[in-house]
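In: Mind folding the following:
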Amino acid sequence: MKMKMKPLSYYLVILFLLPSCQEKTFEKVTSTEEPSRFNEAVRQYYFKTLDSASFHIQQMDTLHSLTENQDAFLKSRKWYKRVEPMLIAYDHENYLSMNAPNLLKVEIDDYTDIKIRKPKSYQVLEEMLFGGDAISNRELHNVLVYLQSRIPYIRKHHNIYRQLDRHHLKMIRDAIVNVATKGITGFDSPMLSNSLTEAIDNYMTLKEILEIYREAFRDNGLYQEWMTELDAAMTTLEKGDFETFDRYTFIKEHTHTQLQLVNATAMDWQVDLNTSRPLNPKADNLFDKDFFNIKMFALPNSPPIGEERVALGRALFNDNALSNEGLMSCATCHLKEKAFTDGQPKALGNNGKPLQRNTPTLSYAVYQKTFFYDGSGDDLEAQIVSVANNENEFHMDLNRMEEQVKANATYQSAFDSLYRDGVTNQNVRNAIATYIRSLAPFDSKFDRNMQGKEESLTQEEVLGFNLFMGKAACATCHFPPAFNGTVPPKYQETEFENLGLPKNASFTHPVLDEDLGQYFPYKVEEKKSFFKTSTVRNIALTGPYMHNGVYKTLEEVMQFYNVGGGQGMGLDVPYQTLPPDSLDLTDRETQAIIAFMRTLTDQEFETMD
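Out: Numbers count the residues shown, from 1 in each chain. Prediction:
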């Protein structure tokens, strides 16, 4: 049942009206300058979980039997999952290292500084020990040496010294988001699908931290609500089966209740969560329009998004005068009625000839950290520069674009009133980018149901969401709530994948696509054919699909994933990130996933779907 939080004024009145038998002097848990008085207890629990994970990983050895190593791994992994919420919050780089997928990581600073790293993580161990293939003792040894030394290193160089109470509360909040968006999807348990059990281990730590903070609660009833809710969530997870688990109901009844409890706790402890992070700390629904802190997805010091700037950006977005020959605008390739795509396999340039790739939707583009399919754009404003300079698109010098806008008296007046410097090419780009940032309403049928505004989802649509988040593994790349590749819970990076995409739609005689994607400009072999994970929001309107527009229907897209991508079809794709094994989805399950994805059509487009 959704819990209704009382306003701050209610709690303030209650504090003043407490009867004399309950008189007690309350102060803030800590001041904003002083570290939390609970840091020592949190630190000791951190040490306990790290030491336990380390103890069991030390029991593993290449000389031991497979069964012995599997047993030690599972015990160590259990304790790793206990420490994970604290690692995410206080040692994020080591969290990423210890939790890394079994995929090569390529780090590029410039042409002379390219690092290719093979992960040595728990996920790598899981695939080695439970994948069924012969184990290389050398590879196993390398991973074990890393983890056996890394965990003690993390303990020695810990960073739990001067955290404030709001930091520990944010740690709890991020862990709740992480469980819902990654933890119950199989993201980091690819072989065992042990995600539900591991989510329980995450929650055990949240319960432990809240027990440490028990005396900090002014309202003991709120503390008891936490205990009741966490126990209920863990019981639900314990009774669940990975393939059939009802993630839809879990998020509605548990995740959102827990986020409400976070807000109530912030009031009770009299702390303010930091607002300079990608997530809005007061949002209590993953699918609320304000779940993200949108200002953190714009350039620093950008002016706030407002209706007038959005309207100005919309006018510029639709204005052909910004292109060299006056024949193109942003809306030429990004048609509103097609959810800001163009319906073509590949975008058409100013000469009518196909460009290199499919036109991506601009819906929810704000919640990406890189742009273009190959990630060559760092932000929306930079993306506009590339479009303007491209001789096959606007072919318009930025200075000339600025002059074109200045020549329009209406634009000039609007910029003078909305921007301190008036018309500049930077402000022109910001206005267009501001309009694009507004294209994320979170008001689809699915959102309205998750927000509790409707109860209109069919059983098939709910099944489709649960499959998307579970058995079909869609959500291990398309992360909610934007359902794109921006990775929770920090939402600071966008993922790229190599799917082994063919250039023809044949599943019996596929031919590998020749577009090398992120291979350029550094020409790194291990980055060949990597492309950004796009959103599936409004997907019913954005076909043809994939970066080359090879598939006309969602059924074809689902078949491609179901067979295991390019490798699953027999193509030679050495660095494919999509598992080559079949998902074994039935026709009913495939149609359910498509039915769910159709519920992600924004309300203004629903009649077009």
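In: Pull the number of nearby residues for residue 436.
Out: Counted by other C-beta atoms under 10 Å, the residues lying close to residue 436 total 24. Backbone N, C-alpha and C define where each C-beta goes, glycine included.
In: Now do the same contact list for it.
Out: For residue 436, the contact set (C-beta atoms under 8 Å, 6 or more residues apart in numbering) comprises 313, 317, 362, 365-366, 380.
In: can you check residue 404 too?
Out: Going by C-beta under 8 Å, 6+ apart, residue 404 touches 321-322, 396.
In: Using pLDDT, spot the least trustworthy of those residues.
Out: Lowest pLDDT within these is found at residue 396 (92).
In: you'd agree that residue is up against residue 321?
Out: No - using C-beta atoms under 8 Å, residue 396 is not in contact with residue 321; the gap is 9.4 Å.
In: of the two, who's got more company?
Out: Shown here are residue 396 and residue 321; by other C-beta under 10 Å, residue 396 has more neighbours (22 against 14).
In: what helix or strand is that one on?
Out: In the assignment (DSSP states H and E), residue 396 maps to no helix and no strand.
In: And it, how far from residue 326?
Out: The spacing between residue 396 and residue 326, counted by C-beta to C-beta, to the nearest Å, is 10 Å.
In: Distance from stretch 235-247 to the middle of the chain?
Out: Centre-to-centre, stretch 235-247 and its host chain are 22 Å apart (C-alpha atoms, centre = their mean, to the nearest Å).
In: For that stretch, list every residue counted as buried.
Out: Within stretch 235-247, the residues that count as buried by 16 or more other C-beta atoms under 10 Å are 236-237, 240, 242, 245-247.
In: Then stretch 559-575?
Out: Result for stretch 559-575 [16+ other C-beta under 10 Å]: buried residues 559-569, 571, 573.
In: wait, what's in contact with the most centrally placed residue in the chain?
Out: The C-alpha lying nearest the average C-alpha coordinate of the chain belongs to residue 487 (C-alpha atoms, centre = their mean; 3.1 Å). Residues near residue 487 by C-beta under 8 Å, 6+ apart: 479, 493-495.
In: okay, among those, which ones form the most distant pair?
Out: The most widely separated members of these, counting by C-beta to C-beta, are 479 and 493 (11.0 Å).
In: how about the helices in the stretch 251-400 of the chain?
Out: Taking DSSP state H, counting those that start in this stretch as the test, the helices found in the stretch 251-400 of the chain are 256-269, 307-317, 330-333, 380-389, 398-406.
In: Dump these to JSON lines, plus distance to residue 545 and mean pLDDT.
Out: Shown next, in JSON lines, are the helices of the stretch 251-400 of the chain (distance: least, C-beta to C-beta, whole Å; pLDDT from 0 to 100):
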{"stretch": "helix 256-269", "distance to residue 545": "31", "mean pLDDT": "98"}
{"stretch": "helix 307-317", "distance to residue 545": "24", "mean pLDDT": "98"}
{"stretch": "helix 330-333", "distance to residue 545": "16", "mean pLDDT": "96"}
{"stretch": "helix 380-389", "distance to residue 545": "21", "mean pLDDT": "94"}
{"stretch": "helix 398-406", "distance to residue 545": "32", "mean pLDDT": "95"}
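In: among those, which is nearest residue 515?
Out: Nearest of these to residue 515, taken as C-beta to C-beta: helix 380-389 at 16.9 Å.
In: Show residues contacting that closest one.
Out: Contacts of helix 380-389 (C-beta under 8 Å, 6+ apart): 298-299, 322, 330, 365-366, 371-372, 376-377, 393-398, 401, 426, 429-430, 432-433, 436-437.
In: The same query, at a cut-off of 6 Å, please.
Out: Helix 380-389 is contacted by residues 371, 377, 393-394, 396, 398, 429, 432-433, 436 when judged by C-beta atoms under 6 Å, 6 or more residues apart in numbering.
In: immediately after the lowest-mean-pLDDT helix or strand in the chain, which helix or strand?
Out: When the helices and strands of the chain are scored by mean pLDDT, DSSP states H and E, helix 8-17 comes last with a mean of 34. Next helix or strand after helix 8-17 toward the C-terminus (DSSP H and E): helix 39-58.
In: I'd like to know which elements that next one is packed against.
Out: Helix 39-58 sits against helix 66-90, helix 137-156, with contacts defined as 3 or more C-beta pairs under 6 Å, 6 or more residues apart in numbering; DSSP states H and E.
In: List the buried residues in it.
Out: 39, 42-43, 45-46, 49-50, 52-54, 56-57.
In: just stretch 446-460 next, same as before
Out: Within stretch 446-460, the residues that count as buried by 16+ other C-beta under 10 Å are 446-451, 457.
In: Quick one: these as TSV, columns for pLDDT and secondary structure too.
Out: Below are the buried residues of stretch 446-460 laid out as TSV (pLDDT from 0 to 100; DSSP: H, G, I helix; E, B strand; the rest coil):
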residue	pLDDT	secondary structure
446	98	helix
447	98	helix
448	98	helix
449	98	helix
450	98	helix
451	98	coil
457	98	coil
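In: which two from these end up farthest apart in space?
Out: Spatially, the most separated pair among the buried residues of stretch 446-460 is 451 and 457, at 12.1 Å (C-beta to C-beta).
In: from the contacts of residue 436, which single one is nearest residue 420?
Out: For those, the minimum distance to residue 420 (C-beta to C-beta) is 17.0 Å, reached by residue 313.
In: backbone phi and psi for the nearest residue to the closest one once chain neighbours are set aside, please?
Out: Closest residue to residue 313 apart from its sequence neighbours, by C-beta to C-beta, 6 or more residues apart in numbering: residue 435 at 2.9 Å. Here is the backbone geometry of residue 435 (degrees, to the nearest 10): phi -60, psi -50.
In: From residue 197, how far off is residue 241?
Out: Using C-beta to C-beta, one obtains 11 Å as the distance from residue 241 to residue 197.
In: Residue 340 now?
Out: From residue 340 across to residue 197, the span is 41 Å (C-beta to C-beta).
In: Neighbour count: those two, which is higher?
Out: When neighbours are counted by other C-beta under 10 Å, residue 340 and residue 197 differ, and residue 340 comes out ahead with 25 against 18.
In: residue contacts, the more buried one?
Out: Contact analysis of residue 340 by C-beta under 6 Å, 6+ apart lists 334, 361-363.
In: can you pick the most crowded of those residues?
Out: Neighbour counts for the contacts of residue 340 peak at residue 363, which has 27 neighbours (criterion: other C-beta under 10 Å).
In: Quick check: the gap between it and residue 534.
Out: Applying C-beta to C-beta, the value for residue 363 to residue 534 is 10 Å.
In: For the stretch 1-150 of the chain, give me the ranges with low pLDDT.
Out: Within the stretch 1-150 of the chain, the ranges that satisfy pLDDT under 70 run 1-33.
In: try 50 this time
Out: Along the stretch 1-150 of the chain, segments meeting pLDDT under 50 span 1-28, 30-31.
In: and what of the stretch 151-300 of the chain?
Out: By pLDDT under 50, the stretch 151-300 of the chain contains no weakly predicted segment.
In: For residue 512, give me the backbone phi and psi.
Out: phi -60, psi 140.
In: For it, which residues are in contact?
Out: Applying C-beta under 6 Å, 6+ apart to residue 512 gives the contacts 502, 571.
In: can we see that at 7 Å?
Out: By C-beta atoms under 7 Å, 6 or more residues apart in numbering, the contact list for residue 512 reads 500, 502, 566, 571.
In: One more: residue 363?
Out: Taking C-beta under 7 Å, 6+ apart, we find residue 363 in contact with 339-340, 439-440, 535, 537-538, 602.
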